[in-house]
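Just to be clear, the model below is a prediction. Sequence and coordinates:
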2 protein chains.
Amino acid sequence: MTRVYNFSAGPAALPEEVLTQAQAEMLDWHGSGMSVMEMSHRGKEFMSIAAEAESDLRELMAVPTNYKVLFLQGGASSQFAMIPMNLIGRTGKADYFRTGSWSKKAIAEAKRFGDIRVAVDAEADGKFTSAPAAGEFEISKDAAYVHYTPNETIEGVEFGYVPETGEVPLAADMSSTILSRPIDVSRFGIIYAGAQKNIGPAGLTIVIVREDLIGNPIDHTPAMFDYKTHAGADSMYNTPPTYGWYLAGLVFKWLKGQGGLAGMAEINQRKATKLYQAIDNSGFYSNPVDPACRSWMNVPFTLANAELDAEFLKQAGEVDLKTLKGHRSVGGMRASIYNAMPEAGVDALIAFMAEFERKNG
Amino acid sequence: MTRVYNFSAGPAALPEEVLTQAQAEMLDWHGSGMSVMEMSHRGKEFMSIAAEAESDLRELMAVPTNYKVLFLQGGASSQFAMIPMNLIGRTGKADYFRTGSWSKKAIAEAKRFGDIRVAVDAEADGKFTSAPAAGEFEISKDAAYVHYTPNETIEGVEFGYVPETGEVPLAADMSSTILSRPIDVSRFGIIYAGAQKNIGPAGLTIVIVREDLIGNPIDHTPAMFDYKTHAGADSMYNTPPTYGWYLAGLVFKWLKGQGGLAGMAEINQRKATKLYQAIDNSGFYSNPVDPACRSWMNVPFTLANAELDAEFLKQAGEVDLKTLKGHRSVGGMRASIYNAMPEAGVDALIAFMAEFERKNG
């Protein structure tokens, strides 16, 4: 068996140790005689798995006690509707930061449910290559909440700070940045993340929401889209995605073994820094993003000659560097280097890029 | 390793062959160097897994070409809202059969979105122990659809026929009956099923919907709750629950090896018949359901002396017969004997029950 270095933006690589443990436990979890997949979500075995995963996540992120941690389904795309359905009722209005492909989708969905104001639009010449600086926006006093995307997965644009929004609750799509470094949860009203980048397999969505924001949904909110439904039932109102929850728990244990989020941040910063340096120091590769706003997680880059893209991908694949093709809307390449991408994978990519440049530059 | 016989109502037992294959492929699917969990849903490897699963399901169920097969998230509880949100617009009214705990939940949720009429109420003395006979109900001419629950998982009540609803589309919650026997899909407007009973792991929901019913959602329907969103994107509008989809595909292959749904029906009928016979022939166990409406999938039964319940469960567990406790609303025991429960498991349960009766009856 040869494991490849998989630079997919999501679903993405998982720690090999996690997969190995899941493999060993597949037919018989801890002597239960069952796969975790086969367990009743209300049985004592799964309840212990679920509780331990939540407890480890709370510890890793230092989640304050006045926040609920929910293990849901439906991905960030469902949160794009759930956030306005649950939070916009107070004033009917919300502010959004428009900084890339995912915040655009969040805005389009929110417009179904209220009056959405774009507080910042970072698009320039049809492209998104920077995030606004701390003083470059103003929040509406009557906004029920402010929404932003700390890391735009497609464009590789990241906020280097948490926006100050005063009394207005801040909502953040952390799908591609959660667990990559410490964050101060108390700065947020609600954080959400699809699991398939830094948490676990696709099909699990984690929501961390301040309790006072729960319980005021607009009319016609389905029970499954009401945070209160899930918060009041420890995420077991209906059958949760049990296997994803279990795998997330294994990832949380793995993260604790990496020195927690502070340890992970050091590794992630080092990985990203060396890859951007390799790009900037070459005359062949380039990254269009404002250096102050470059993502630690998603590194898009182009070749000096786009006609070589296919050859680059082919040769990279031959040395087990996979899923490097950029998003169709941006073109070129994209290396997603989430927590589970080992530093050795980034080193291998840098070495391959140098060799490819030498032969083709 | 000892595998137990797991009678859980869901999440439920999976075929051991499926788990063994998933275990072997966990770190490296078909030489790709990746787990299926790690694959981009838009890559050629996962696209082939997804397409083959859909094709096998269509073949198993003989799904007509004018039906879409969707692989979604959110469980039956999300469908309880999605069905009215997508289908009720035509007249604002719908008819529901009230035959047990799950149809009650479907009704409660649908009332948020329109005028819901209970066409049949099977509750008697606070209990649900039968389904209406074919002539015992009338469908409203102006109903946008009729909803029923062919198998009530908690009460173990099953319809032995498909209700005739004329021109009014029929919606069915098949969570605990899909794939247990052949069904004529053309009789239905829409069929839906949470995966965690007869399909695969929790977190995947399958919807089979006639194309003409798609595209008319009511106002404020979130994009993720609009069938058109998913039908127009081959269930890849957002990241689908890829690992569940893959496992469902393995289950479909396994079912084809069992002689398809006709073969499965024979086995299931035999399993259920012998278990009900054992109950009826004893003076110690009893099942309250009208014999004409007894479920092949969920067999609730009580002991003559409820004070022996705990001892029954304890001794059953000691011989690896697990998760037999009945739902709290019904009490007693419940043996769920879905496709993946081997006939040998039912035989072992029957033998244990006889022995327990001999010692305690």
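Right, received. Where do you want to start?

show me where the stretch 201-350 of chain A has helices.
A:227-231, A:242-257, A:260-280, A:309-318, A:343-360 (DSSP state H, counting those that start in this stretch).

so how many other residues sit close to the closest residue to chain B within the stretch 51-200 of chain A?
Going by CB to the nearest CB, chain B is nearest to A:Ala81 of the stretch 51-200 of chain A, at 3.4 Å. Just so you know, the C-beta spots here come from the backbone N, C-alpha and C atoms, and that holds for glycine as well. Using other CB atoms under 10 Å in any protein chain shown, A:Ala81 has 24 neighbouring residues.

Of the helices of the stretch 201-350 of chain A, which is nearest B:Glu52?
Closest approach to B:Glu52 among the helices of the stretch 201-350 of chain A is made by helix A:242-257 (20.9 Å; CB to CB).

So the closest one, near chain B or not?
Yes. Residues of helix A:242-257 contacting chain B under CB under 8 Å from any CB of the partner chain: A:242-244, A:247.

okay, the residues you listed in CSV with pLDDT and neighbour count next?
Listed next are those as CSV, based on pLDDT from 0 to 100; neighbours: other CB atoms under 10 Å in any protein chain shown:
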residue, pLDDT, neighbour count
A:Thr242, 98, 26
A:Tyr243, 98, 31
A:Gly244, 98, 27
A:Leu247, 98, 25
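
Go through those and name the one nearest A:Trp102.
A:Gly244 (20.9 Å).

shouldn't the closest one be in contact with A:Gly200?
Yes. Using CB atoms under 8 Å, A:Gly244 is in contact with A:Gly200, at 5.3 Å.

Backbone dihedrals for the residue nearest to A:Thr205 when sequence neighbours are not counted, please?
Of all residues not flanking A:Thr205 in the chain, A:Leu72 sits nearest, at 4.6 Å (CB to CB, 6 or more residues apart in numbering or on different chains). Main-chain torsions, A:Leu72, degrees, to the nearest 10: phi -120, psi -170.

OK, contacts around A:Leu72?
A:Leu72 makes contact with A:78, A:204-207, A:230, A:235, A:240, according to CB atoms under 8 Å, 6 or more residues apart in numbering or on different chains.

Then A:Asp95?
A:116-119, A:139-140, A:143, A:145-147, A:168.

switch to 10 Å and redo it
A:116-120, A:137-140, A:142-148, A:165, A:168, A:170-171 (CB atoms under 10 Å, 6 or more residues apart in numbering or on different chains).

Against A:Ala144, how distant is A:Ile218?
Taking CB to CB, to the nearest Å as the measure, A:Ile218 falls 11 Å from A:Ala144.

and what of A:Leu57?
27 Å.

Same question for A:Leu313.
45 Å.

neighbour count winner among the two?
Shown here are A:Leu313 and A:Ala144; by other CB under 10 Å, A:Ala144 has more neighbours (25 against 17).

and the more buried one, what is it in contact with?
Per CB under 10 Å, 6+ apart, neighbours of A:Ala144: A:83-84, A:86-95, A:114-115, A:168-169, A:171, A:189, A:213, A:216.

which of those residues count as buried?
A:83-84, A:86-89, A:91, A:93-95, A:114, A:168-169, A:171, A:189, A:213, A:216 (16 or more other CB atoms under 10 Å in any protein chain shown).

A:Asn305: neighbour count?
Considering only other CB under 10 Å, A:Asn305 is surrounded by 12 other residues.

nearest spatial neighbour of it, skipping sequence neighbours?
A:Asn305's closest residue in space is A:Asn360 (CB to CB, 6+ apart), at 7.6 Å.

Quick check: residues of the stretch 101-250 of chain A near chain B?
When proximity is defined by CB under 10 Å from any CB of the partner chain, the stretch 101-250 of chain A lies next to chain B at A:105, A:108-109, A:112-113, A:175, A:194-197, A:200-205, A:218-225, A:229, A:237-245, A:247.

Just the buried residues of those.
The buried subset of these - by 16+ other CB under 10 Å - is A:105, A:109, A:112-113, A:175, A:194-197, A:200-205, A:218, A:220-225, A:229, A:237-245, A:247.

circling back: now do the same contact list for the residue nearest to A:Asn305.
Here A:Asn360 is in contact with A:284, A:303-305, A:308, A:311-312, A:315 (CB under 10 Å, 6+ apart).

would you list those residues in a markdown table and tack on pLDDT?
Output for the contacts of A:Asn360, formatted as a markdown table (pLDDT from 0 to 100):
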| residue | pLDDT |
| --- | --- |
| A:Phe284 | 97 |
| A:Leu303 | 97 |
| A:Ala304 | 96 |
| A:Asn305 | 95 |
| A:Leu308 | 97 |
| A:Glu311 | 97 |
| A:Phe312 | 98 |
| A:Gln315 | 98 |
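
Show me the domain layout of chain A.
Under the assignment automatic domain parsing, the domains of chain A span A:17-257, A:259-360.

among these, which is nearest B:Leu324?
Using CB to CB, the domains of chain A put domain A:17-257 closest to B:Leu324, at 11.0 Å.

All the strands of chain A, residue numbers only.
A:5-6, A:67-72, A:93-98, A:115-121, A:146-148, A:151-152, A:157-158, A:170-173, A:190-194, A:205-210, A:285-286, A:298-303, A:321-322, A:333-336 (DSSP state E).

of all those strands, which lies closest to A:Ser40?
Ranked by CB to CB, the member of the strands of chain A that lies closest to A:Ser40 is strand A:67-72, at 16.1 Å.

Let me know the angle separating that closest one from strand A:190-194.
20 degrees (axes from the mean of the first three to the mean of the last three CA atoms, to 10 degrees).

Distance of the residue of the stretch 51-200 of chain A closest to chain B relative to A:Tyr192?
A:Ala81 is 12 Å from A:Tyr192, by CB to CB.

again with A:Tyr227
In terms of CB to CB, A:Tyr227 sits 10 Å off from A:Tyr192.
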